[in-house]
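Asks: Here is a sequence together with a model predicted from it:
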Number of protein chains: 2
Amino acid sequence: MYEVFKAYLDNKISLTEEQHEYIRSRCVVKKLRKKQYLLQEGNHWNNKAFVTKGLLRTYSVDEKGFEHVISFAMENWWAGDREALLSGQPSRFNIDAIEDTEIVFIDKQKFDAICREIPAFGDMVNTILERSFIAFQNRINDSISTPFEERYLNFVQQHPSLAARVPLNMIASYFGITRETLSRIRHKTAKKSLVKSID
Amino acid sequence: MYEVFKAYLDNKISLTEEQHEYIRSRCVVKKLRKKQYLLQEGNHWNNKAFVTKGLLRTYSVDEKGFEHVISFAMENWWAGDREALLSGQPSRFNIDAIEDTEIVFIDKQKFDAICREIPAFGDMVNTILERSFIAFQNRINDSISTPFEERYLNFVQQHPSLAARVPLNMIASYFGITRETLSRIRHKTAKKSLVKSID
DNA sequence: CGATTCTTTGAAAACAGTCAATCTGTGTGG
DNA sequence: CCACACAGATTGACTGTTTTCAAAGAATCG
């Protein structure tokens, strides 16, 4: 499973065999079974985590006990809580496995060392952060400018495998609506596309 | 007005006089009158912009011509379109001045050079990006977990001067609701706090 | 003062949430 | 292999909230 991470790196930057070995030696591989936690609210988070297999969700829990999905992470995505990592404070989020999942884990100190030792790696990490920022900005823009129905369709189109693997109630939560409302939106759009194909 | 930027830098990192002179020599100071554009949709954006005075808003315009406020930037905040800067593509956003505004402008190439020449400056920039990411993540979390009323109260509490200087319809847009709804929320909470103070 | 911009209010319609019941598919143990 | 439990998805009736549209009321600026 480390191979998935290696392939990811090879796709982004070019590394010598020694550099690969150096990075690999700082990594720990972890497995999570479905429903197991990677991180629980109130705990500290001091790692970088790269998903090589499976599917994670990051969510918060409000005072009433309702869960709110902030983000998903599947193969070739990074997961974790940047806020807790940067601040050193206990996390306000939970991360658990929607499917059996495998993760490459790197301790923050070691990760920072890699960034210093291999500048291309550091640059890559920076670009990822920049892109994550842009993705969140676009999500905010969507949330204030685009109706749920259209947002859901875009989501399915842009992330078909996520949409297929994530239960509907979590997708609804991701958009900030109830599962009932999303179910009805789905029903409506299914009819629409049926009408279109008849035309 | 450059002094405001200098004070900001001094507050974040320590720089020698030469370094300050070096940075200053790469900066251009710009003034915008109320309603003037810093950036218009479809144009390229190749700068970093630091607000030393006044107030900017970044917004998108949908197909129906409605404006949607993504963010505000006042004194000691950075403004601009990271997406257009990173991708080199024309911007999808507009930035204009809510008040007469003064800005310190640095060309991207010169900015990157500063980051390389003065590592502390580069680190600072990185931390800002990380914090911006976290701020957006929290905004997304709020948008799916917290009712408008509470979000508005938090906003007023956390950014009283913004709330006072930005017209209500733009704040409503920032939250993705209509100005009428925000007006009514305000009315309701005003009554509540009145009741509380009578108790 | 008059013009413009910003905010508030009211009434009706559209939309989303809640609660409760039902349906569907999956997997487990007997 | 069946029956049952369970998680997930759907539906209906009802309630509550937000939008829309139209009008009018403040506030600000030249």
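Replies: Received, thanks. Everything numeric here is computed off the predicted structure, so don't read it as measured data. Residues are numbered from 1 along each chain as shown, chains lettered A, B, ... in the order given.
Asks: domain parsing for chain A?
Replies: Under the assignment automatic domain parsing, the domains of chain A span A:2-145, A:146-199.
Asks: Now the residue nearest the centre of chain A: which helix or strand?
Replies: Central residue of chain A (C-alpha atoms, centre = their mean): A:A73, 2.5 Å from the mean position. A:A73 is part of strand A:67-74 when elements are defined by DSSP states H and E.
Asks: Quick check: which ranges of chain A have low pLDDT?
Replies: Flagging of chain A using pLDDT under 70 yields the residue ranges A:191-199.
Asks: Show me what from it comes close to DNA strand C.
Replies: Counting by C-beta under 7 Å from any atom of the strand, chain A comes close to DNA strand C at A:147-148, A:176-178, A:180-181, A:185. C-betas here are computed from N, CA, C, even on glycine.
Asks: cutoff 6 Å now
Replies: Within chain A, the residues that sit near DNA strand C (C-beta under 6 Å from any atom of the strand) are A:147-148, A:177-178, A:180-181.
Asks: for DNA strand D, what are the nearby residues on chain A?
Replies: Residues of chain A lying close to DNA strand D (C-beta under 6 Å from any atom of the strand) are A:167-169, A:179-180, A:183-184, A:186-187.
Asks: so how far is A:I106 from the residue nearest to A:Q36 when sequence neighbours are not counted?
Replies: Closest residue in space to A:Q36, ignoring its immediate chain neighbours: A:A97 at 5.3 Å, by C-beta to C-beta, 6 or more residues apart in numbering or on different chains. Applying C-beta to C-beta, to the nearest Å, the value for A:A97 to A:I106 is 19 Å.
Asks: Likewise for A:D100?
Replies: Taken as C-beta to C-beta, the span from A:D100 to A:I106 is 21 Å.
Asks: Who has more neighbours out of the two?
Replies: Between A:D100 and A:I106, counted using other C-beta atoms under 10 Å in any protein chain shown, A:I106 has the larger neighbour count: 19 against 14.
Asks: where exactly do the helices run in chain A?
Replies: Assigned by DSSP state H, chain A shows helices spanning A:2-12, A:17-26, A:82-87, A:108-117, A:119-145, A:148-158, A:160-165, A:168-175, A:179-198.
Asks: so which of these gets nearest A:F50?
Replies: helix A:2-12 (5.5 Å; C-beta to C-beta).
Asks: buried ones in that closest one?
Replies: Neighbour counts using 16 or more other C-beta atoms under 10 Å in any protein chain shown place A:2, A:4-6, A:8-9 of helix A:2-12 among the buried residues.
Asks: now swap in stretch A:76-95 and tell me
Replies: Going by neighbour count (16+ other C-beta under 10 Å), the buried part of stretch A:76-95 is A:77-85, A:91, A:93-95.
Asks: repeat for stretch A:181-189
Replies: Result for stretch A:181-189 [16+ other C-beta under 10 Å]: buried residues A:182, A:185-186.
Asks: Give me the distance from it to the chain's centre.
Replies: Chain-centre distance of stretch A:181-189: 25 Å, with C-alpha atoms, centre = their mean, to the nearest Å.
Asks: Likewise for stretch A:93-106?
Replies: Stretch A:93-106 sits 10 Å away from the centroid of its parent chain (C-alpha atoms, centre = their mean).
Asks: ok, now stretch A:86-104?
Replies: 10 Å.
Asks: Name all residues that make contact with the closest residue to A:R139 other than its chain neighbours.
Replies: Of all residues not flanking A:R139 in the chain, B:I140 sits nearest, at 6.1 Å (C-beta to C-beta, 6+ apart). Listed by C-beta atoms under 8 Å, 6 or more residues apart in numbering or on different chains, the contact partners of B:I140 are A:70, A:136, A:139-140, A:143.
Asks: Generate a PyMOL selection restricted to the buried entries among those residues.
Replies: Of those, the buried ones can be selected in PyMOL as follows, counting by 16+ other C-beta under 10 Å:
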select buried, chain A and resi 70+136+139+140+143
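Asks: which among the contacts of B:I140 gets closest to chain B?
Replies: Ranked by distance to chain B (C-beta to the nearest C-beta), those are led by A:F136 at 4.1 Å.
Asks: ok, the nearest residue to the closest one once chain neighbours are set aside - contacts?
Replies: In space, and not counting its chain neighbours, A:F136 is closest to B:F136: 4.1 Å by C-beta to C-beta, 6+ apart. B:F136 makes contacts with A:133, A:136-137, A:140, as judged by C-beta under 8 Å, 6+ apart.
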